[in-house]
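Colleague: build me a structure from this.
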Amino acid sequence: SLPNPQPHQLRQGALSMMQLKKVKEDRVNKRRRVEQEEKDRRRKKDERNKRINNEKIVDSSSSSGIDPKKKDVQAHQNMDAMKKKQRSVVDKKRSMKIESSDSESDS
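Modeller: Down below sits the predicted model:
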């Protein structure tokens, strides 16, 4: 038998069955194509969002020009320096009090 029979070879609605089968196949193919296009669109959107998020992360870390880990270390060093400065101010005040109390006791 031939793959595509001629109309005169078909009997008892076989032609309409073939046409119906072709329409169903077309619908299935269209549905698959639409689903594939949706899947591709979602994948591209996800990739774009990931790229945008990565750029935001890079921008936030590069805006200061310092690696985030180094930034933390630098923040701790700054805090240590501030504490030392405060201690030196307190020490100076103490020494001034001691000197003033010594001079008062001498008199």
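Colleague: any stretches of the protein with poor pLDDT?
Modeller: 1-2, 10-12, 57-69, 102-107 (pLDDT under 70).
Colleague: center of this protein, which residue is that?
Modeller: Nearest to the geometric centre of the chain sits residue 53, at 3.6 Å (C-alpha atoms, centre = their mean).
Colleague: how near is that one to residue 44?
Modeller: 15 Å (C-beta to C-beta, to the nearest Å). All C-beta atoms are positioned from the backbone trio N, CA, C, and that covers glycine.
Colleague: just checking, next helix/strand downstream of the helix or strand containing the residue nearest to the centre of the chain?
Modeller: Taking DSSP states H and E as the definition, residue 53 sits inside helix 14-63. Next helix or strand after helix 14-63 toward the C-terminus (DSSP H and E): helix 68-106.
Colleague: kindly calculate the angle that that next one makes with helix 14-63.
Modeller: 30 degrees (axes from the mean of the first three to the mean of the last three C-alpha atoms, to 10 degrees).
Colleague: distance between helix 68-106 and the chain's centre?
Modeller: Relative to the chain's own centre, helix 68-106 is displaced by 43 Å; criterion: C-alpha atoms, centre = their mean, to the nearest Å.
Colleague: what packs against that helix?
Modeller: Of the remaining helices and strands, none touches helix 68-106 by 3 or more C-beta pairs under 8 Å, 6 or more residues apart in numbering; DSSP states H and E.
Colleague: may I see the buried residues of that helix?
Modeller: For helix 68-106, a neighbour-count test (16 or more other C-beta atoms under 10 Å) marks nothing as buried.
Colleague: what distance separates the helix holding residue 53 from the middle of the whole chain?
Modeller: With C-alpha atoms, centre = their mean as the basis, the distance from the averaged C-alpha position of helix 14-63 to the chain average is 21 Å.
Colleague: ok so, going back, need the contact list for the residue nearest to the centre of the chain.
Modeller: By C-beta atoms under 8 Å, 6 or more residues apart in numbering, the contact list for residue 53 is empty.
Colleague: and the gap between it and residue 47?
Modeller: Residue 53 is 11 Å from residue 47, where distance means C-beta to C-beta.
Colleague: and for residue 74?
Modeller: Going from residue 74 to residue 47 by C-beta to C-beta gives 34 Å.
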